[in-house]
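# Provided below are the primary sequence and the corresponding predicted coordinates.
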Amino acid sequence: MKRRNFIMNITAAVGGLIATKAIAKLDNSPMSDMVCDVKSDNCDKGDNMHDHMNMNMNMKMNNNMPQKLLSTTALPHGKNLPELTNLKNTSTQAGVFEATLHLKPVKIALTPEITTEFWAYNGMIPGPKIEVFEGDHVKITVKNDLSQPTTVHWHGLLIPSDQDGNPQDAIPAGGSRVYEFTIPEGTAGTYWYHPHGHNTVAEQVFRGLAGTFIVRSKNDPLASLPEQHWFFSDLKLTENGEIAENSMTDWMNGREGQFVLINGAYQPNIKVEGATRVRIWNACSGRYLNLSIPDCDVFLVATDGGFITEPHQLNKPLLLTPAERAEVVIVPKKTASLYLQNIGYDRGKMGNVPPEPNIILSQLQLTQTASTVLPTHLKQVPILGKAVAKKSLEYTEVMDKSEPRGGMLFLINGKRHDMSRIDLESKLHDVEEWTIVNNSHMDHNFHIHGAQFIVQSRELNGTKTTPEFVALKDTTNLRPHETLVIKIQQNMPGLRMYHCHIVEHETLGMMGQLMVKE
Ligand code: C2O
Ligand code: CU
Ligand code: CU
């Protein structure tokens with residue numbers, strides 16, 4: 001169905017995409033000029049038939065007619081990077097953060113012609129930014145006005161398991177609940193929130209549900225620097241401007257849309273004036289970000305769980321797999337206008353997919369200023385003691401024609417996620433060494449709830465490497481046939497999930513359950 005709407009109230013310039021109400025139907029001009037030409041460069045991320053060919057898999061093509069996608073020229077680009085909108089704290093008590101997140105479908109005008117229905121937290125894409133301090137008590141009421149159950153998972157935060165949005169703790173359609181937790185001292189960092197219901201995460205994320213969560217410290221060694229937030233998400237629109245369903249390719253490889261958004265904006269214009277601290281989130285469903293920030297010195301200062309010991313200068317693009325975060329300090333080496341690019345990264349996608357292209361993510365306006373001296377010491381990263389227990393996990397992929405969502409199963413230790421099965425048990429406070437083997441042909445990452453781990457080593461093609469610096473991580477990548485060794489300590493009892501954070505794989509069951517016992 002073609003439609004063309006007239007919007008009287010264009011999306012506000014702040015806070016990414018915000019629902020607008022004044023929508024009136026106007027004419028019925030054809031939109032064929034916006035239909036994607038599958039042979040053009042703009043469309044090489046589309047689900048063309050050839051994505052599925054030569055797979056030697058003889059899979060059923062039902063439910064998977066290739067969808068025509070909107071041309072990437074149909075959305076405007078080059079507006080200034082929107083700032084994320086803060087979730088309002090309604091508490092008047094010091095040290096208490098109290099607020100409401102309301103999930104519901106909203107119509108957002110992307111252009112005067114294109115209005116798209118998203119599922120959003122408080123009507124915003126991305127969801128509102130939550131900012132608290134270490135030690136704060138957080139109390140968030142969540143109202144679910146979707147037509148399906150959901151949970152809110154506070155990705156990376158060290159909080160009790162019954163407040164962490166496990167799939168077992170669903171908020172029914174039309175229901176609500178309160179999440180309540182205290183932010184532990186020493187955990188300042190860059191986190192986020194997203195749904196974690198059973199079987200629904202992929203759809204709820206690709207329809208727009210995700211938001212940022214920043215924990216600040218009262219003694220922040222970089223507090224004097226200007227700070228920016230780059231929240232990357234991915235949007236796949238059909239030629240009618242509707243959010244596309246997942247194709248078979250999306251289920252297999254992890255969904256990638258034709259639009260990469262930063263703070264809800266497509267190819268925004270970002271100004272970097274002198275040394276700037278940037279918090280970066282990869283909130284894409286399946287896309288690997290491999291960010292090239294040209295003509296700048298780029299220093300990594302924090303990973304998923306907060307600061308590393310000292311700034312670490314990057315000499316290659318910053319790879320962030322889905323759900324990973326980083327904080328960098330960007331120091332322009334000249335005054336210039338350049339592109340922020342995603343450098344093609346081959347993650348071993350299945351099917352005959354074209355090579356990964358480099359993608360322009362944004363226009364960067366750099367201004368060189370007098371040099372800034374970064375502190376040499378940021379934080380003492382906790383060192384975990386000797387491991388007293390060991391665990392091992394193996395990722396595998398197997399074909400299963402009875403699985404309609406892509407015909408593949410993604411397994412951990414040969415099993416699919418089962419909400420009623422405990423796969424592993426840990427003793428509270430035990431330091432453990434986990435060995436995770438990716439016995440498959442594509443990259444998958446590993447994420448676990450309830451703790452930040454420290455990578456000990458990796459082994460790929462017989463070559464063993466150890467990290468150059470100690471970093472707190474809750475998500476890290478595994479190349480095909482790579483072996484990863486981590487050290488981890490769970491300091492709160494209860495049930496915790498671990499999974500690949502390509503959300504299609506997670507939703508298909510590439511997830512296990514750990515019970516932490518006192
Ligand atoms: Cu970001 Cu189990 O999730
Ligand atoms: Cu998580
Ligand atoms: Cu995966």
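In hand now; what should we look at? Numbering: from 1, shown residues only. Ligands and ions are numbered 1, 2, ... in the order given.
# state the number of residues packed around the closest residue to Leu508 other than its chain neighbours.
Excluding its sequence neighbours, the residue lying closest to Leu508 (CB to CB, 6 or more residues apart in numbering) is Phe410, at 5.5 Å. Every residue, glycine included, has its C-beta placed from N, CA and C. Residues within reach of Phe410, counting by other CB atoms under 10 Å, total 28.
# quick one: contacts for Phe410?
By CB atoms under 8 Å, 6 or more residues apart in numbering, the contact list for Phe410 reads Tyr395, Thr396, Glu397, Ser440, His444, Cys500, His505, Leu508, Gly509, Met510.
# and with 10 Å instead?
Neighbour list for Phe410: 251-252, 395-398, 403, 416-417, 440, 442, 444, 499-500, 502, 504-511 [criterion: CB atoms under 10 Å, 6 or more residues apart in numbering].
# list only buried entries from those.
With burial judged by 16 or more other CB atoms under 10 Å, the buried subset of these is 251-252, 395-397, 403, 416-417, 440, 442, 444, 499-500, 502, 504-511.
# in helices, which of the residues you listed appear?
If you go by DSSP state H, these have Trp251, Met252, Glu504, His505, Glu506, Thr507 in helices.
# adding distance to ligand 1, write those residues out as a markdown table.
Listed next are these as a markdown table, based on distance: CB to the nearest ligand atom, whole Å:
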| residue | distance to ligand 1 |
| --- | --- |
| Trp251 | 18 |
| Met252 | 20 |
| Glu504 | 13 |
| His505 | 12 |
| Glu506 | 7 |
| Thr507 | 11 |
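# biggest separation within those, which pair?
Met252 and Glu506 (13.6 Å; CB to CB).
# which ones among the buried ones among the contacts of Phe410 also lie next to ligand 2?
Among those, proximity to ligand 2 is found for none (CB under 5 Å from the ion).
# for ligand 1, what is the nearest residue in the stretch 351-500 of the chain?
At 4.9 Å from ligand 1, Met497 is the closest residue in the stretch 351-500 of the chain, using CB to the nearest ligand atom.
# doesn't Met511 make contact with that residue?
Yes: with contact defined as CB atoms under 10 Å, Met497 reaches Met511; the gap is 5.7 Å.
# what touches both of those two?
Contact criterion CB under 10 Å, 6+ apart; residues shared by Met497 and Met511: Pro167, His196, His417, Met419, Asp423, His447.
# where does this structure have low pLDDT?
1-15, 19-65 (pLDDT under 70).
# for it, longest strand please?
Longest strand of the chain, by residue count under DSSP state E: strand 96-109.
# can you show me the strands along the stretch 301-450 of the chain?
306-313, 318-320, 325-332, 336-342, 359-367, 389-399, 408-412, 424-427, 431-438, 444-448 (DSSP state E, counting those that start in this stretch).
# would a markdown table of those strands with distance to ligand 3 be doable?
Putting the strands of the stretch 301-450 of the chain into a markdown table (distance: least, CB to the ion, whole Å) gives the following:
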| stretch | distance to ligand 3 |
| --- | --- |
| strand 306-313 | 26 |
| strand 318-320 | 15 |
| strand 325-332 | 18 |
| strand 336-342 | 19 |
| strand 359-367 | 21 |
| strand 389-399 | 7 |
| strand 408-412 | 6 |
| strand 424-427 | 19 |
| strand 431-438 | 9 |
| strand 444-448 | 3 |
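# could you dump those to CSV with distance to Asp136?
CSV is the format used below for those (distance: least, CB to CB, whole Å):
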stretch, distance to Asp136
strand 306-313, 15
strand 318-320, 27
strand 325-332, 19
strand 336-342, 33
strand 359-367, 32
strand 389-399, 33
strand 408-412, 34
strand 424-427, 28
strand 431-438, 28
strand 444-448, 24
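# tell me the residues of the stretch 301-450 of the chain that contact ligand 1?
Residues of the stretch 301-450 of the chain lying close to ligand 1 by CB under 6 Å from any ligand atom are Ala323, His447, His449.
# for the residue nearest to Leu508, which residues make a bridge with it?
Phe410 has these beta-bridge partners by DSSP bridges: Glu397.
# the stretch 351-500 of the chain against ligand 3: which residues are in contact?
His444, Cys500.
# please redo it, this time with the cut-off set to 8 Å
Tyr395, Phe410, Met442, Asp443, His444, Asn445, Cys500 (CB under 8 Å from the ion).
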